[in-house]
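*Asks:* Fold the following for me, if possible:
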Amino acid sequence: MESDVALAGLSALAQDTRLAIFRRLVRAGPAGESAGAIAAALHTPAPTLSFHLKELERAGLIAQRRESRSLIYAARYDGMRDLLAYLMEDCCAGHPEICNFKPLENCRESPACSSSCP
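*Replies:* Numbering: from 1, shown residues only. Predicted coordinates:
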């Protein structure tokens, strides 16, 4: 991952509403959640939500799909893993066990991301 891509992801998450949206979508799993449900849960007006969703999508942290007349948003676990891997790449002078960081191949152990692991 290039530093500009990492900065885009970190910048997108460095805002209260976007962080809340992202965390909600991570909890929702691969099925995601409709824009209306997100707006209602976070008490966020539709235009404001739309702006924040676009920022997260532009950063590669969420994806959008259409189901009938609804827009469904879901976390992009690969984008999240790439960002975390970039941040932890040089962890603890080559000793990631100090940080308790599990390698990405252990992703399959997590029910939240098992379906999106390669």
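*Asks:* With adjacent residues omitted, what lies nearest to residue 82?
*Replies:* Nearest residue to residue 82, sequence neighbours excluded (C-beta to C-beta, 6 or more residues apart in numbering): residue 1, at 5.2 Å. For the C-beta atoms, the positions are set from N, CA and C on the backbone; glycine is no exception.
*Asks:* Cross-check the contact I'm expecting between that neighbour and residue 85.
*Replies:* Yes. Applying C-beta atoms under 8 Å, one finds residue 1 in contact with residue 85, separated by 7.3 Å.
*Asks:* okay, now the residue nearest to residue 82: neighbour count?
*Replies:* Burial of residue 1 is recorded as 14 neighbouring residues (other C-beta atoms under 10 Å).
*Asks:* Tell me, how many residues neighbour residue 48?
*Replies:* Residues near residue 48, counting by other C-beta under 10 Å: 12.
*Asks:* Check which helices and strands the one helix or strand it maps to is in contact with.
*Replies:* Residue 48 belongs to helix 46-58 when assigned by DSSP states H and E. Counting contacts by 3 or more C-beta pairs under 8 Å, 6 or more residues apart in numbering; DSSP states H and E, helix 46-58 is packed against helix 3-13, helix 16-28, helix 35-42, strand 62-67.
*Asks:* picking up where we left off before, who are the contact partners of the residue nearest to residue 82?
*Replies:* Going by C-beta atoms under 8 Å, 6 or more residues apart in numbering, residue 1 touches 82-83, 85-86.
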